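*Asks:* coordinates only, sequence not included:
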């Protein structure tokens, strides 16, 4: 080892889902199968390219105001960033600075471990029960902070709001972050609890329900004090996190509530139909309330199904890690995309 290598910060990076090019059925990264709201396309067509020579508004006012109006909060309760990953990373940096470990589930979004290692934050993974559900009592002991997704990823299981509140109520001396990337597909958000608990931060994204994964927009909603701390950290790190195009298009996406709700319903209906189809083929799965299904088959390994589907240009997500080695996470696509998936699976089973 070279002398300087001992001072290099080394972490095991997050491995994103594959981004195949060309004509494939892409059901591996939980993107929305439908286009963004029509106002987004209009905003892109009308974009004044001359403004791109200027720095964007560091306060992201146009997007912050749109989100504040949509959720009925004040603008000083909203923080935006480059995808929810950026927002969550900034939350780790800002709020998790205790010598005590932070808590998060053992089967969950794998970026949590990466950020904890990157920022040298001690952590403990709390085991889900045998049905992959969060055990709220596991989060009662003293800690340096709590974070969990709801619905969880990759299981899709939703923790009812009274149980979310129970975890927050038992951790009022630390910051609790509820990562709600998929909450729009199920219903009640922990935002209902923002005014009741001054230690709560709720994080959401435009990548799933709002069909804008390519724009990289995420946001946090909390009380003004915690949002101010986040902005202080952001301005010390990078004042201009949001580009002009994302700000304008993001604001347009938020304005069209009817389009948003209509396409959410389409995905939910397809998800429930897909569950019935998978069950008919012998798959078992968690009660996913997100825009994906976490499924396994007793006769076929997850790896062999994943590899076969990939050969057919159908991409799903597979990890092969402990506890979930036979599970596939299948994004809910259009009805036509799901039918293509089911036809491939049936053919595979008939041939074996």
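*Replies:* Nice, thanks for sending it over. Being a predicted model, the structure only gives us computed values, none of them experimental.
*Asks:* ok, residue 39 touching residue 252?
*Replies:* Yes. If you go by CB atoms under 8 Å, residue 39 and residue 252 touch, sitting 3.7 Å apart. In short, each C-beta sits where N, CA and C put it, glycine included.
*Asks:* quick one: which of these two has more around it?
*Replies:* residue 252 (21 against 17; other CB atoms under 10 Å).
*Asks:* which residues touch the more buried one?
*Replies:* The neighbours of residue 252, taking CB atoms under 8 Å, 6 or more residues apart in numbering as the test, are 37, 39-40, 42-43.
*Asks:* can I get these in TSV including distance to residue 72 and secondary structure?
*Replies:* Shown next, in TSV, are those (distance: CB to CB, whole Å; DSSP: H, G, I helix; E, B strand; the rest coil):
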residue	distance to residue 72	secondary structure
37	20	coil
39	21	helix
40	23	helix
42	26	helix
43	24	helix
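*Asks:* of those residues, keep whichever come out buried.
*Replies:* With neighbours counted using 16 or more other CB atoms under 10 Å, these contain these buried positions: 37, 39-40, 43.
*Asks:* of all the contacts of residue 252, which comes closest to residue 262?
*Replies:* residue 37 (10.0 Å; CB to CB).
*Asks:* which ones are touching that closest one?
*Replies:* Neighbouring residues of residue 37 by CB under 8 Å, 6+ apart: 210-211, 252-253, 255-256, 259-260.
*Asks:* kindly recompute the last result at 7 Å.
*Replies:* Taking CB atoms under 7 Å, 6 or more residues apart in numbering, we find residue 37 in contact with 252-253, 256, 259-260.
*Asks:* from those, pick the one nearest residue 27.
*Replies:* The nearest member of the contacts of residue 37 to residue 27, counting by CB to CB, is residue 260 at 21.7 Å.
*Asks:* so that closest one, which state does it fall into?
*Replies:* helix (DSSP: H, G, I helix; E, B strand; the rest coil).
*Asks:* check contacts around it.
*Replies:* Contact partners of residue 260, counting by CB under 7 Å, 6+ apart, are 37, 209-210.
*Asks:* how about a cut-off of 8 Å?
*Replies:* Residue 260 is in contact with 37, 184, 209-210, 253, counting by CB under 8 Å, 6+ apart.
*Asks:* re the thing from before, let's have the buried ones among the contacts of residue 252 in JSON lines, adding distance to residue 225 and pLDDT.
*Replies:* Formatted as JSON lines, the buried ones among the contacts of residue 252 follow (distance: CB to CB, whole Å; pLDDT from 0 to 100):
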{"residue": "37", "distance to residue 225": "33", "pLDDT": "97"}
{"residue": "39", "distance to residue 225": "33", "pLDDT": "97"}
{"residue": "40", "distance to residue 225": "33", "pLDDT": "97"}
{"residue": "43", "distance to residue 225": "33", "pLDDT": "95"}
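*Asks:* and the contacts of residue 260 as TSV, adding secondary structure?
*Replies:* Output for those, formatted as TSV (three-state DSSP):
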residue	secondary structure
37	coil
184	helix
209	coil
210	coil
253	helix
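*Asks:* including distance to residue 351, could these go into a markdown table?
*Replies:* Output for those, formatted as a markdown table (distance: CB to CB, whole Å):
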| residue | distance to residue 351 |
| --- | --- |
| 37 | 43 |
| 184 | 39 |
| 209 | 37 |
| 210 | 40 |
| 253 | 44 |
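*Asks:* run through the strands of the stretch 151-300 of the chain in chain order.
*Replies:* For the stretch 151-300 of the chain, the strands defined by DSSP state E, counting those that start in this stretch occupy 176-179, 200-205, 218-221, 283-285, 292-297.
*Asks:* so how far is whichever helix or strand comes after the last one off the chain centroid?
*Replies:* Spelled out, it's strand 292-297. Moving toward the C-terminus from strand 292-297, the first helix or strand encountered (DSSP states H and E) is helix 302-311. Chain-centre distance of helix 302-311: 24 Å, with CA atoms, centre = their mean, to the nearest Å.
*Asks:* buried residues in helix 302-311, which are they?
*Replies:* For helix 302-311, the neighbour count (16+ other CB under 10 Å) marks 302, 305-306, 308-310 as buried.
*Asks:* partner strands of the helix or strand following it and their direction?
*Replies:* Per DSSP H and E, the first helix or strand lying C-terminal to helix 302-311 is strand 314-315. Sheet pairing for strand 314-315, assigned by DSSP bridges, gives strand 25-26 (parallel).
*Asks:* how far is the partner strand from where the chain is centred?
*Replies:* 19 Å.
*Asks:* follow-up on the earlier one: now render the buried ones among the contacts of residue 252 as a markdown table, adding distance to residue 52.
*Replies:* Listed next are these as a markdown table, based on distance: CB to CB, whole Å:
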| residue | distance to residue 52 |
| --- | --- |
| 37 | 23 |
| 39 | 20 |
| 40 | 17 |
| 43 | 14 |
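*Asks:* show me where this protein has helices.
*Replies:* Taking DSSP state H as the test, the helices found in the chain are 38-45, 61-71, 83-95, 111-118, 161-169, 224-237, 244-255, 257-280, 302-311, 335-350.
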